[in-house]
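S.K.: Okay, here's the prediction I keep looking at, along with the sequence it came from:
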Amino acid sequence: MNTDIENLKLKYDKPFDGNHSVLQPKVNEIAFEDIISEMLERQKRANNIMISNLDEANSNTKDDLTSVKLILKDLNVDVDNIKMNRIRKPNQQRPRLVKVILKNPEDAITVLKSRRNVKMPSIKNFQDQTKKQIQYYKDIKNELQHLIDNGDHTKTIRYINNKPTIVTRMNQKNY
């Protein structure tokens, strides 16, 4: 009986075709590879921030770099060795996003923490996120919207340990 149980475990751990040859890696191995890939991608993006609404009408890369340095200098970030580029195709309706690559993750965190101190109100900056992070946020946002549509207006999204989470809204009093 123990032998039969062990054979069944082996059978379901490895997918087989009719000839008992392995077709593909185990599901756990695929999930593990996805997790490792996601971690590496997030680590690559740790130094990056994205800036939106930076005007690009009649601008070139040099003008963009000057504007980005001006924004970052107000936030007390070292701007000597930054790199930047516009992403996506040009669009007449709105300016493209600007991807800024900073020297280290600490500078990126400093910019993100002090984003409210940007002197140009239309300029927004945010973290460079992977597709899975963006999809996760969309899913959380849809779940929150579903709760609101069902009459629960006590919930909101807060970042807990850098992860968007639905939490109960705190009543804020203006003192």
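M.R.: Nice, thanks for sending it over. Residues are numbered from 1 along each chain as shown.

S.K.: Find the nearest non-adjacent residue to K83, please.
M.R.: Once flanking residues are discounted, K83 sits nearest to I101: 4.4 Å by CB to CB, 6 or more residues apart in numbering. For glycine as for every other residue, the C-beta is placed from the backbone atoms N, C-alpha and C.

S.K.: Correct me if wrong: that neighbour contacts V79.
M.R.: No - with contact defined as CB atoms under 8 Å, I101 does not reach V79; the gap is 11.8 Å.

S.K.: what's the pLDDT at the residue positioned nearest the centre of the chain?
M.R.: By CA atoms, centre = their mean, the chain has its centre lying nearest to Q129, at 2.1 Å. Note for Q129: predicted pLDDT of 93.

S.K.: which residues does it contact?
M.R.: Going by CB atoms under 8 Å, 6 or more residues apart in numbering, Q129 touches R45, Y137.

S.K.: Could you chop the chain up by domain?
M.R.: What automatic domain parsing lists as the domains of the chain is 44-127, 131-168.

S.K.: Pull out the buried positions in the last one.
M.R.: Neighbour-count burial for domain 131-168 flags Q133, L144, P164 (criterion: 16 or more other CB atoms under 10 Å).

S.K.: now the strands: where do they sit in this structure?
M.R.: Here the chain has its strands, by DSSP state E, at 48-52, 83-87, 97-101, 124-127, 155-160, 163-168.

S.K.: do you know which of the ones you listed lies nearest Y137?
M.R.: Between Y137 and the strands of the chain, the tightest spacing by CB to CB is seen for strand 163-168, at 5.2 Å.

S.K.: What are the contacting residues of that closest one?
M.R.: 136-137, 140, 143-144, 147, 154-160.

S.K.: before we move on, the earlier item: turn the domains of the chain into CSV, columns for distance to E29.
M.R.: What follows is those, written out as CSV (distance: least, CB to CB, whole Å):
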stretch, distance to E29
domain 44-127, 23
domain 131-168, 18
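
S.K.: Out of those, name the one with the poorest average pLDDT.
M.R.: domain 44-127 (a mean of 85).

S.K.: Can you give me the end-to-end span of that domain?
M.R.: 12 Å (CA to CA, to the nearest Å).
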